[in-house]
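Participant: need a structure here:
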Amino acid sequence: VANMNLRSMYLHQDTSGEQNVLSQRDWKILLTGATLNSYPSGEVILDIGATNDRLFRIKSGMVSVHRQSVDTPPVATMGKEEMFGEISMLLDGTVSAAIVASGAVEIWEIPIDFVLRMCEGDHLLSEKLHRIIAVKLASRLKSLNTAKRPRNSYRPSRKSQVITNSPSSAAPNAEEPSSS
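Facilitator: As a prediction, this is how the structure comes out:
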């Protein structure tokens, strides 16, 4: 295990060539345990802080994602065949963003216990779900860090050379002969 190359493990592709998405085969397996529910426009599907025990896949329609509360402007929208609720799998079921129907929407809802049982029997499915969650979390973390960082907050270390566009500061010549 110590000799495993983590990069190659995370870049593994299944036989269909898909990497960071669930294939039609994966969805066929997961949807065997799903129920299809309809929500009218404006209905809150998941609310921040609530407990969630399902993975969701949108069959038709759109939902909006709200970070602060359902009363704040949405930070994103999601549509047909997109998935949500997977982050709750890592957070003991605690919902981190509100999901609201943006018009009539049909959503497949899969109990998390069923998803976990399917992952126990299908390691490739488990790997892809974990990769999807990791990529989403990394993306959110990156956007949070970018949003919190002041615009010109980069400060080079003492050893770094700062190159500006002013005529008085000439960039080092890459072809300068060495002094050996």
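Participant: Please make it C-alpha for all contacts and neighbour counts, starting now.
Facilitator: Fine.
Participant: Look up the closest residue to Pro74, ignoring the ones flanking it.
Facilitator: Nearest residue to Pro74, sequence neighbours excluded (CA to CA, 6 or more residues apart in numbering): His66, at 4.5 Å.
Participant: Sorry, slip of the keys, the one I care about is Val70.
Facilitator: Using CA to CA, 6+ apart, the nearest residue to Val70 is Ala98, at 6.1 Å.
Participant: For the one you found, give me the backbone phi and psi.
Facilitator: phi -80, psi 140 (degrees, to the nearest 10).
Participant: Could you do the one 3 residues further on as well?
Facilitator: Summarising the backbone geometry of Ala101 under the convention degrees, to the nearest 10, its torsions are phi -70, psi 130.
Participant: isn't there a helix covering Phe38?
Facilitator: One correction, residue 38 is Ser, not Phe. No: counting by DSSP: H, G, I helix; E, B strand; the rest coil, Ser38 falls outside a helix, being strand.
Participant: Can you tell me how far it is from Arg57?
Facilitator: 12 Å (CA to CA, to the nearest Å).
Participant: higher neighbour count, these two?
Facilitator: Taking other CA atoms under 10 Å, Ser38 and Arg57 do not tie; Arg57 has more neighbours (23 against 14).
Participant: residue contacts, the more buried one?
Facilitator: Lys80, Glu81, Glu82, Met83, Phe84, Ile107, Trp108, Glu109 (CA atoms under 8 Å, 6 or more residues apart in numbering).
Participant: cutoff 10 Å now
Facilitator: 27, 31, 34, 36, 78-85, 106-110 (CA atoms under 10 Å, 6 or more residues apart in numbering).
Participant: In helices, which of the residues you listed fall?
Facilitator: Those of those mapping onto helices are Trp27, Leu31, per DSSP state H.
Participant: Whichever of the contacts of Arg57 end up buried, select them in ChimeraX.
Facilitator: Buried residues among the contacts of Arg57 (16 or more other CA atoms under 10 Å), as a ChimeraX selection:
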select :31,34,78,79,83,84,85,106,107,108,109,110
